[in-house]
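**Student:** Predicted model and sequence below, questions to follow.
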Amino acid sequence: MTRLPAHVAIVMDGNGRWAKMRNKPRLFGHNEGMEALIKIVRAASDIGISYLTVYAFSTENWKRPLEEVSGIFRLLLVYIERELAELHRNNVKLRILGDWKNLDPAVVKTLENALETTKDNTGLQFCIALNYGGRNELVHSVRALAEKAAAGELKPEEITEEMISQNLYAPDVPDPDLVIRTSGEIRLSNFLLWQSAYSELVFTDVLWPDFTPECLEKAITEYQSRSRLFGGARS
Ligand code: IPE
Ligand code: IPE
Ligand code: MG
C-alpha cells in the first residue's frame, strides 16, 4: 500500500447496539468488541501501520451503570492477560493514554506488567486510551506548564504549541493521520482533541464488533483518496 497512514486512531463505538440487536446484555457486545480489536491489532501490524490508538474508555463513560463499567475493565484484564504473549511475540509495544494510574489496583498491576513486558519492542505501537479525555489531557499539559511558570522557569509568552504537545500523555507519538469512528455516530466524543486538528476523519455505519480487517483496509483506501492540505493551497 502506498501513502500508508503512520498513525490510525479508532473510536470503537457500537458494542451496546450490537448486543441489543441480538437481545443480549451490553457486556456481550463489549466482549465481541474485544475479539474485533484483537484482529484489528494484528491487521494493523501486518499492514505496516506504526501507531494504532483505540478509545477503550472515556472520562465520561463513568456515567454508565457500575455493572457495565466493572465488566468493561474485567474484560480488558482478561484480554490483556490472554493476548500479552502473542502481542510480545509480534513485537508490539503497548502504551496507555489517560488517567490510568488511579484505576483499580488489579487493573494497574496488569497494565504495568504488560507495559514492562513490551517496552523494548520495536514493531507496532498499540496505544489504549483508557480513562482518557481530550480535555482532561489538555488540563494536565497546561498544569505542567503553569507549574513551571509559577516556579519562574517559564514565561507565559514563551509557551508554544510544541510545549503543549510535549506535555500530553504520549509526546513522542505523532498526531493521528486517520481517525475512524464506527457505528454511524459523527462526533469525536472528547478523543484526541489537540492531536486530531488535521486528521482525516472516516465514519462508518459498521458497529465495532463487526469491524473487520477489510473494514480497516477500506478506511485506509478512503484516507489515501483524500488531499491533505494543512491549510496550504490546492496544487
Ligand atoms: C463503545 O460501545 C464502547 C465503549 C464506550 C466502552 P458503546 O458501549 O458505546 O455502544 P453503543 O454506543 O451503546 O452502541
Ligand atoms: C466514545 O464512545 C468512547 C469510547 C468509544 C470509549 P461513547 O459511546 O461513549 O460516546 P458518546 O456518548 O456516544 O458520545
Ligand atoms: Mg457508544
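**Tutor:** On my side now, so go ahead. Ligands and ions are numbered 1, 2, ... in the order given.

**Student:** Count the residues that sit near V8.
**Tutor:** Other residues near V8 come to 26 when the count uses other Cβ atoms under 10 Å. C-beta coordinates here come from the backbone N, C-alpha and C atoms, glycine included.

**Student:** Tell me, how many residues neighbour whatever residue of the chain ends up closest to ligand 2?
**Tutor:** Among all residues of the chain, S189 sits closest to ligand 2, at 3.6 Å; criterion: Cβ to the nearest ligand atom. Around S189 sit 14 other residues, with neighbours defined as other Cβ under 10 Å.

**Student:** Can you classify it by secondary structure?
**Tutor:** For S189, the assignment made with DSSP: H, G, I helix; E, B strand; the rest coil gives coil.

**Student:** what residues are up against K218?
**Tutor:** Applying Cβ atoms under 8 Å, 6 or more residues apart in numbering to K218 gives the contacts T204.

**Student:** Next up, the contacts around T53.
**Tutor:** Remark: with contacts taken as Cβ under 8 Å, 6+ apart, T53 is in contact with H7, V8, A9, I10, L97, C127, I128, A129, V173, P176, L192.

**Student:** Let me see the ranges of the helices in this structure.
**Tutor:** The residue ranges that make up the helices of the chain, judged by DSSP state H, are 15-20, 26-47, 66-89, 105-118, 134-150, 161-166, 213-224.

**Student:** so which of those comes closest to F230?
**Tutor:** Ranking the helices of the chain by distance to F230, with Cβ to Cβ as the measure, places helix 161-166 first at 13.7 Å.

**Student:** that older thread, let's have the helices of the chain in CSV, adding distance to ligand 1 and mean pLDDT.
**Tutor:** CSV is the format used below for the helices of the chain (distance: least, Cβ to the nearest ligand atom, whole Å; pLDDT from 0 to 100):
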stretch, distance to ligand 1, mean pLDDT
helix 15-20, 3, 98
helix 26-47, 6, 98
helix 66-89, 5, 98
helix 105-118, 14, 98
helix 134-150, 15, 98
helix 161-166, 26, 98
helix 213-224, 16, 98
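
**Student:** Which residues of this structure lie near ligand 2?
**Tutor:** V11, M12, D13, Y55, A56, F57, S58, N61, E185, R187, S189 (Cβ under 6 Å from any ligand atom).

**Student:** Just the buried ones among the residues you listed, please.
**Tutor:** The neighbour-count test (16 or more other Cβ atoms under 10 Å) marks V11, M12, D13, Y55, A56, F57, S58, N61 as buried among the residues of the chain next to ligand 2.

**Student:** between the residues you listed, which is closest to ligand 1?
**Tutor:** For those, with ligand 1 as the reference and Cβ to the nearest ligand atom as the criterion, the closest is D13, at 4.6 Å.

**Student:** was I right about the closest one contacting E185?
**Tutor:** Yes: the criterion here is Cβ atoms under 8 Å, and D13 meets it with E185 at 5.6 Å.

**Student:** CSV please, covering the buried ones among the residues of the chain next to ligand 2 and showing distance to ligand 1.
**Tutor:** Converted to CSV, those look like this (distance: Cβ to the nearest ligand atom, whole Å):
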residue, distance to ligand 1
V11, 8
M12, 6
D13, 5
Y55, 7
A56, 6
F57, 5
S58, 7
N61, 5
